[in-house]
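Undergrad: Pasting the sequence and the predicted coordinates here, then a few questions.
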Amino acid sequence: MYNDKKKLNAKDLIITGVFAVLFLMAVMIGGGPFASIPTLTFYFPIGAAVLAGPIFMLYIAKVPKVGALAIIGAVECILGTLTGMHWGLNFGILISSIIASFIAGSKKFENPMFNLIAYIVYSLGPMGTYFVFFFNRESWVSFMLKKGTEQEYIDKMSEVATPLMMITMIVGTIIVATLSGLLGLRLMRKQFIKAGLAA
């Protein structure tokens with residue numbers, strides 16, 4: 001019986017599909033405006049982390065199974081690949097989702113601190129493309145030019161790509177993800193449980 005509870009069933013997959021859409025909407029609303037502007041694109045992971053905290057906490061409460069978050073990451077990775085996103089972004093999200101799944105799952109998705117750490121790790125995923133940009137710029141530029149990114153966009157992006165910007169991106173994402181995750185935990189305690197949305 002215990003093993004059956006750990007396996008993803010049809011209901012879990014339906015819920016996962018719904019939340020995959022919610023995660024994508026949160027990323028588009030929070031991070032999309034930054035990604036469209038070359039001088040602000042490095043703030044994309046920060047913006048993407050703003051709204052997803054409550055969604056993340058509700059999702060792992062509804063589907064507290066290790067494979068669930070990995071599926072979310074796989075869906076986002078596939079969609080990113082199909083829409084021409086850099087492979088660093090896609091695989092960064094996939095890898096961070098898998099790691100986050102094991103972090104929260106190590107405490108059966110019931111430990112608030114581990115769930116918060118899991119969300120922070122999950123939020124770091126989109127940085128994969130920017131890490132490639134900083135440490136292997138020629139490869140990143142070549143890939144994005146082939147995908148249709150304009151040289152002017154890349155040039156303006158390069159102008160603000162300083163070590164301080166990378167530090168700001170990392171620290172900013174961690175701070176915002178922490179605040180968003182804490183908000184999610186607070187809502188879980190006060191609103192989601194009261195409304196019967198989570199156990």
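TA: That came through fine.
Undergrad: Distance-wise, check the residue nearest to residue 184 when sequence neighbours are not counted relative to residue 96.
TA: Setting aside the residues directly before and after it, residue 184 is nearest to residue 57 in space (C-beta to C-beta, 6 or more residues apart in numbering), at 3.4 Å. Any C-beta I mention is one placed from the backbone N, CA and C, and that applies to glycine too. Distance, residue 57 to residue 96, using C-beta to C-beta, to the nearest Å: 16 Å.
Undergrad: Just give me the neighbour total for the nearest residue to residue 67 once chain neighbours are set aside.
TA: Distances taken as C-beta to C-beta, 6+ apart place residue 8 nearest to residue 67, at 5.4 Å, with adjacent residues excluded. Other residues within reach of residue 8, judged by other C-beta atoms under 10 Å, total 16.
Undergrad: on that earlier part again, so which helix or strand takes in the residue nearest to residue 184?
TA: For residue 57, the element it lies in under DSSP states H and E is helix 44-62.
Undergrad: And for residue 77?
TA: Applying DSSP H and E as the criterion places residue 77 in helix 66-82.
Undergrad: Which one's more surrounded, residue 57 and residue 96?
TA: Counted by other C-beta under 10 Å, residue 57 and residue 96 do not tie: residue 57 has more neighbours, with 29 against 22.
Undergrad: how about the helices in the chain?
TA: In chain order, the chain shows helices spanning 2-6, 10-35, 44-62, 66-82, 87-105, 112-124, 128-135, 137-146, 151-159, 163-187, with DSSP state H as the criterion.
Undergrad: export these to a markdown table and tack on mean pLDDT?
TA: Converted to a markdown table, these look like this (pLDDT from 0 to 100):
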| stretch | mean pLDDT |
| --- | --- |
| helix 2-6 | 50 |
| helix 10-35 | 94 |
| helix 44-62 | 96 |
| helix 66-82 | 92 |
| helix 87-105 | 95 |
| helix 112-124 | 97 |
| helix 128-135 | 96 |
| helix 137-146 | 94 |
| helix 151-159 | 96 |
| helix 163-187 | 96 |
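Undergrad: out of those helices, deepest packed?
TA: A comparison of the helices of the chain by mean neighbour count, using mean count of other C-beta atoms under 10 Å, puts helix 44-62 on top with a mean of 24.
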